[in-house]
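Participant: Got a predicted model here, sequence first, then my questions.
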Amino acid sequence: MGEKTFLLDPNLCLGCRACQMACAANRGLAPGVFLRRVKEVELRRKGQWVKYFLSSACHQCQNPECVRLCPEKALRKRKDGIVILDAGKCSGCGVCLQGCPFEAPVRDPETGRVLKCDFCYERVDEGLVPFCVEACPVNALRLIELSDEREENPEWVRRLPGVENVQLTHPSIRYYPLREGRQVRRHWEARKAGTKRGEE
Amino acid sequence: MAESFINVCPRDCFSSCRLKTTVDKGKIISLTGDPKDPYTHGALCAKGYTYRRSQDDPERILYPLKQEGKGSGRWRRLSWDEALGEIAERLARIKREEKTLLSVALDKYLGSTGLLNGTVDAFFRSLGPVTTIIGSPCEPAGVDALLLSYGACRKPDPEDMAKARLIFIWGANPAWTASQQMRYVYEARSRGAVLVVIDPQFSATAARGDLYVEVRPGGDGYLALGMAKVLWEEGLTDEKFLREASWGWEAYKEYVESLHWPDITEESGVSEPDIRDLARLFAGHKPATLWLGIGAQHHPSAGQSFRAIDALAALTGNIGIPGGNVHYALPAAAAEAGTFPALVFQTEVERGLRAEDGKNASRCIPTGRYRELAELDPALRFLWVAGRNPVAQNPESARVRDVLKQMETVVVVEQKMTATAALADYLLPAADFLEYEDVIVSTWHYGVALNQKALEPAGESRPDFWIVRELARKLNALSPGFSTFPIDLEAEDWLDRALKPYYSGWGMKHYRELAERPARLSLPAVPWRDRRFLTPSGKYEFYSQRAERLGVSPLPIPERRGKRSSVYPLQMLSVRSFAALNSQFGQLFHLLTGEGPKLLVHPDTARAKGIEDGGGACVYNDLGEICLPALYTRSVSPDLVVTFLGSQDGKEKGLNVLLNLRESDLGVLSSGAKGLSFQSCYVNLVRCVERG
């Protein structure tokens, strides 16, 4: 059995936030607490300003910093790759919140303990998919199993443009590479003139 | 023991999603999309998933309330008996003093699209002539355009879009407003179809297009005229369709040939070579389909622009073929399936509304013209608002507020303390859709779905149907025959009567069978296959004498834009985000993003005003001002600012304090009133000191 991970296709993702809200509502999280967030990324590429939506939750890193740091040993990585938190052991010290480069774990304001995405492993164990995957209207987000890396779909990439490249913890997330369409814009010149160095 | 129910989201939206709600001991324990929903396949939007938490909503109004001094915020709880008793007394007094109920007005819209809400209209008609606010702030100019061109409102099944080889999404942002439809768009694309998005802002949908064309807001009609010019110039038209199935194409051809490219480019914001490419692309892929957005017709020349866009489908013979045609949200098309259910309610108790001599007729005020409510003779003394939030949604918010403040009695039926509810004398708590049985008909896929009662109403909230029936009872106790509303009919009886004509077509004996078997109104998946149109000429009309009678040119000639004000050089577009539907779901945007609504502004525009990214921007014009944090983005051009609808509701200053009343050219034919031009909002910016 390979490790499970999310596969996001930014060419399909609509930025509709159904995944984010389906997770929060069905996991019974307190209002304003999210285990998945959607970010709008705007960047300049091949002479055009393009944008896409990055829906992300815990990347279930192969080398999870949270597991390494937790003084209570409340976090562990299962054989199938899912990093799960034993809420009973969590003291709410917050070390993992600081340590995670992706700010994936969050604090539950009601209990003071930590919450994190665990792929809805109880659903997965029953053969269902996580709430976020179920909610995607266009199948942009999927749960996949990473078999031997050599057999991995060579099209997939580990990072998308315009976001910080953090690979230290070996996040297991995979993406389809971003493609962009052609644009016919009204204020082409004005836009170029307004672009400062460093924004390119 | 947990029990599952089928529900339907009743918001005024394309998708009308079926939900599966599981309830244990009166509490929702699970709420998802219904996998049996043939249109959504069980995927909801972010708004839909919030219903899972609806029982914990601290904002729900739970009891009838009376405000001591309008706008004072001093609310006193009443029993239903007291509240409806006092309201009945007030109505009786008006009738006594005025000898007419024309001083009583109803303003009701689609806060909930359930069929039962038609009983509110029925109740007001049961009183005899009253004043009603008619028309639609939504889609009427575009509907009229279709009516003039085709003679009737018909559209394909939304699933038919998957068969297109080219999809033009014109002025719509389904990625955020009809996400389920994107499944069919992508399905077409996976078979090689090309996706073109035409929009004044680089929307979430535009960002996923194969080609994005930025049109000047309101310049859509000229873009279509330019494309038509190219189609003829380069011999790309479907001559057979034109000769056999269309009317007036010669005059149209002559007109577009007379147009000059500099004018087309000036109006549309798109260059001649780009328009040429677009026209060739459109003609080069058949079937090609056009999806027209509601927002694209919220401008002064919307109807004529939509006629020009509709004409592209005709010019290329894309009408009446699978994968072709024009997609547009059409409540009116349901009438083609038989008696539109809502109408049954109206005719049931209709009394004098259409009196021939006009003496006994109701008084109709076009939507958006709230200021006229204060100027009527006989004067208005009583206003009932249901399923609507005019302070937030109408133009001239400040005037709407004034009208409500001056009105002797304002009754608002609502779930939350909206900007309008805050100005009520009586605030009556409406039940939520999960709390009563109803049936919902989609205006996009024409699914007919049963919404079961899954929960008891929160607090003392009640469905609109219950409220008007109890009021009718009170009125008749005061004065027998005051209302002819059939008090003995239960909600179930109304629904049964409305839906009975469809039972045999669905192979059902009762509408409750809809719970297990989703049904649709029986409309052809592809309209106009016979190419016999319902216009006076029997053909697709490029040239329409009916248009002329409505006060516009018989050819689809949009007005040119006027001279731009140098004082208010920026155009503000208010668009729908993923987190709100008009003023509904107002807090969700903040919840999902952790931030409040922003003003989307091009960095050049903001920097010129000293406004920093994230800093406060004060948006102002001669009507008012609002302050929003700026968000630098290249998704909007330097002469535009964009903000999201709805998230400002409840506060003193909503977006529409900046919006003048400006009507579209068409809308009367389909809705009785012209559409509203929400795009006509011109502003300037200044750095907001308080914020930033």
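Facilitator: Noted; the coordinates are in hand.
Participant: Would you mind listing what in chain A touches chain B?
Facilitator: A:11-12, A:14-18, A:20-22, A:24-26, A:31-32, A:34, A:38, A:42, A:49-53, A:134-139, A:181-187, A:190-191, A:193-194 (C-beta under 8 Å from any C-beta of the partner chain). For the C-beta atoms, the positions are set from N, CA and C on the backbone; glycine is no exception.
Participant: Who are the contact partners of the spatially closest residue to B:Gly151 that is not a sequence neighbour?
Facilitator: Nearest non-adjacent residue to B:Gly151, counting by C-beta to C-beta, 6 or more residues apart in numbering or on different chains: B:Leu534, 3.0 Å away. B:Leu534 makes contact with B:Tyr150, B:Gly151, B:Ala152, according to C-beta atoms under 8 Å, 6 or more residues apart in numbering or on different chains.
Participant: if I look at B:Leu534, how far off is B:Cys153?
Facilitator: Per C-beta to C-beta, to the nearest Å, B:Leu534 is found 10 Å from B:Cys153.
Participant: got it, and B:Gly142?
Facilitator: 10 Å.
Participant: Could you do B:Gln181 as well?
Facilitator: In terms of C-beta to C-beta, B:Gln181 sits 19 Å off from B:Cys153.
Participant: between those two, who's got more neighbours?
Facilitator: B:Gln181 (26 against 21; other C-beta atoms under 10 Å in any protein chain shown).
Participant: which SS state does the more buried one fall under?
Facilitator: helix (DSSP: H, G, I helix; E, B strand; the rest coil).
Participant: wait, what's in contact with the closest residue to it other than its chain neighbours?
Facilitator: Distance criterion C-beta to C-beta, 6+ apart; nearest residue to B:Gln181, sequence neighbours excluded, is B:Pro174 at 5.0 Å. Going by C-beta under 8 Å, 6+ apart, B:Pro174 touches B:Phe14, B:Gln181, B:Met182, B:Val185, B:Thr205, B:Trp291.
Participant: How confident was the prediction at the closest residue to B:Trp506 other than its chain neighbours?
Facilitator: Nearest residue to B:Trp506, sequence neighbours excluded (C-beta to C-beta, 6+ apart): B:Ala519, at 4.6 Å. Here the pLDDT value assigned to B:Ala519 is 93.
Participant: Same question for A:Gln62.
Facilitator: 93.
Participant: Excluding chain neighbours, give the residue nearest to it in space.
Facilitator: A:His170 (3.8 Å).
Participant: Same question for B:Trp261.
Facilitator: Per C-beta to C-beta, 6+ apart, closest to B:Trp261 is B:Glu272, 4.7 Å.
Participant: pull the longest helix from chain A.
Facilitator: helix A:18-26 (DSSP state H).
Participant: Show me what counts as buried in the following helix or strand past that one.
Facilitator: As assigned by DSSP states H and E, the chain's next helix or strand after helix A:18-26 is strand A:37-45. Buried positions in strand A:37-45, judged by neighbour count with 16 or more other C-beta atoms under 10 Å in any protein chain shown: A:Arg37, A:Val38, A:Val41, A:Leu43, A:Arg44.
Participant: What of stretch A:135-154?
Facilitator: A:Ala135, A:Cys136, A:Pro137, A:Val138, A:Ala140, A:Leu141, A:Ile144, A:Leu146.
Participant: quick one, what contacts the fifth one?
Facilitator: By that I understand A:Ala140. A:Ala140 makes contacts with A:Leu8, A:Asp9, A:Pro10, A:Leu12, A:Cys13, A:Leu14, A:Ser55, as judged by C-beta under 8 Å, 6+ apart.
Participant: Kindly report the same for the last one.
Facilitator: Contacts of A:Leu146 were listed using C-beta under 8 Å, 6+ apart, and they are A:Gly2, A:Glu3, A:Lys4, A:Thr5, A:Gly81, A:Glu152, A:Ser172, A:Arg174.
Participant: For the last one, the count of nearby residues, please.
Facilitator: When counting by other C-beta under 10 Å, one arrives at 21 neighbours for A:Arg174.
Participant: can you pull the pLDDT of the closest residue to it other than its chain neighbours?
Facilitator: Leaving aside its chain neighbours, A:Arg174 sits nearest to A:Trp156 (4.2 Å; criterion: C-beta to C-beta, 6+ apart). Looking at A:Trp156, its pLDDT stands at 94.
Participant: One more: the one 10 residues further on?
Facilitator: In the prediction, the pLDDT value recorded for A:Val166 is 86.
Participant: Spatially, what comes nearest to it if we skip its sequence neighbours?
Facilitator: A:Val166 sits nearest to A:Pro101 (C-beta to C-beta, 6+ apart), 4.5 Å away.
Participant: got the contact list for the helix or strand harbouring B:Leu231?
Facilitator: Taking DSSP H and E as the criterion, B:Leu231 maps to helix B:220-233. With contacts defined as C-beta under 8 Å, 6+ apart, helix B:220-233 is touched by B:170-171, B:198, B:213, B:215, B:236-237, B:252-253, B:256-257, B:259, B:261, B:263-265, B:267-268, B:270, B:272, B:275-276, B:278-280, B:282-283, B:296, B:301, B:304-306, B:308-309, B:311-312, B:315-316, B:556, B:558.
Participant: let's see 6 Å
Facilitator: For helix B:220-233, the external contacting residues (C-beta atoms under 6 Å, 6 or more residues apart in numbering or on different chains) are B:215, B:237, B:253, B:256, B:259, B:264, B:267-268, B:270, B:275-276, B:278-279, B:283, B:296, B:304-305, B:308-309, B:312, B:315, B:558.
Participant: What of stretch B:509-525?
Facilitator: So stretch B:509-525 is contacted by B:6, B:38, B:157, B:160, B:334, B:336-337, B:446-448, B:450, B:495, B:499, B:505-506 (C-beta under 6 Å, 6+ apart).
Participant: Widest-spaced pair of the residues you listed?
Facilitator: B:Asp160 and B:Leu495 (29.6 Å; C-beta to C-beta).
Participant: Drop the exposed ones from the contacts of A:Leu146 and show what's left.
Facilitator: Applying 16+ other C-beta under 10 Å to the contacts of A:Leu146, the neighbour count classes A:Glu3, A:Lys4, A:Thr5, A:Gly81, A:Ser172, A:Arg174 as buried.
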